[in-house]
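K.L.:
mind folding the following:
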Amino acid sequence: MHCVWIFLKNGLKGWSTNMKAFILPLACLTFAATPVIASDKADEYDYLATPRADQLADLQDQDRDGVINARDLCPDTPSTAEIDNDGCGTYVKTSQQMQIRVLFANDSDKINPVFRKQIKEMSEFLKLYPSTSIELQGYASRTGNAEHNLDLSKRRANNVREMLIGYGIAQSRVRIVGFGDSALANEGTDEVSHALNRRVVASVVGYKGDVKEEWTIFTSIPKAKK
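P.N.:
Have a look, this model is predicted:
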């Protein structure tokens, strides 16, 4: 329609019919082939700046256990431990028993130095299992009156308690009880039997979880029991 408008504007009078039939399509063809140059302004857009994301969670993994710091409940997990979803090592519960047996001289509550090592080892055991406590049970031989023997058995147990406290065990973890001569270890009346009855004993079972190690290609498989 544009090419027709051009010829109408310039006038077609005086042109022969054959000339019009030739010139008009040519003009239209020329107009159609003319390139259209777009304005640079047509390509201008308002661009929005890319928003900056604030990192709220700590995505680092400081102990390298595969759980990010933001949800790691155990930040110091051993490197070889098998890890759960909270970043903590899985545990296998084990138990160990420790006993002491301290003997005393007749009518005495003094601890013989030979038993100090045994009491120290008990203190180390209690430190290894901090959730445990100990009950020291004092006894006496059946010589003298029952009231005196009961008091003597308590003093014996208390002296062992004081030594454990001296090795760093909290007072609240050590309880004493005296039985006097009511529970004899040996019913004999000879000196050996009396010596075995003058005692302080205790037995503690400690529970502790051992970290279960992660399986690797170097993990050895225990041999099956026959």
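K.L.:
confidence-wise, which helix or strand of the protein is lowest on average?
P.N.:
helix 2-10 (a mean of 48; mean pLDDT, DSSP states H and E).
K.L.:
buried stuff in the helix of greatest length in the chain?
P.N.:
The longest helix of the chain (DSSP state H) is helix 146-166. Residues of helix 146-166 classed as buried: 149-150, 152-161, 163-164 (neighbour count, 16 or more other CB atoms under 10 Å). Backbone N, C-alpha and C define where each C-beta goes, glycine included.
K.L.:
and the strand or helix carrying V201, what's its mean pLDDT?
P.N.:
Using DSSP states H and E, V201 sits in strand 199-211. Averaging pLDDT along strand 199-211 yields 75.
K.L.:
just the helices in the protein please.
P.N.:
2-10, 17-33, 116-128, 146-166, 191-197.
K.L.:
comparing those helices, which yields the minimum mean pLDDT?
P.N.:
Lowest mean pLDDT of the helices of the chain: helix 2-10, a mean of 48.
K.L.:
could you measure from the residue nearest to N186 when sequence neighbours are not counted over to T143?
P.N.:
Among residues not flanking N186 along the chain, S193 sits closest, at 4.0 Å (CB to CB, 6 or more residues apart in numbering). Taking CB to CB, to the nearest Å as the measure, S193 falls 11 Å from T143.
K.L.:
and if you look at L152?
P.N.:
10 Å.
K.L.:
overlap of the contact sets of the two?
P.N.:
D107 (CB atoms under 8 Å, 6 or more residues apart in numbering).
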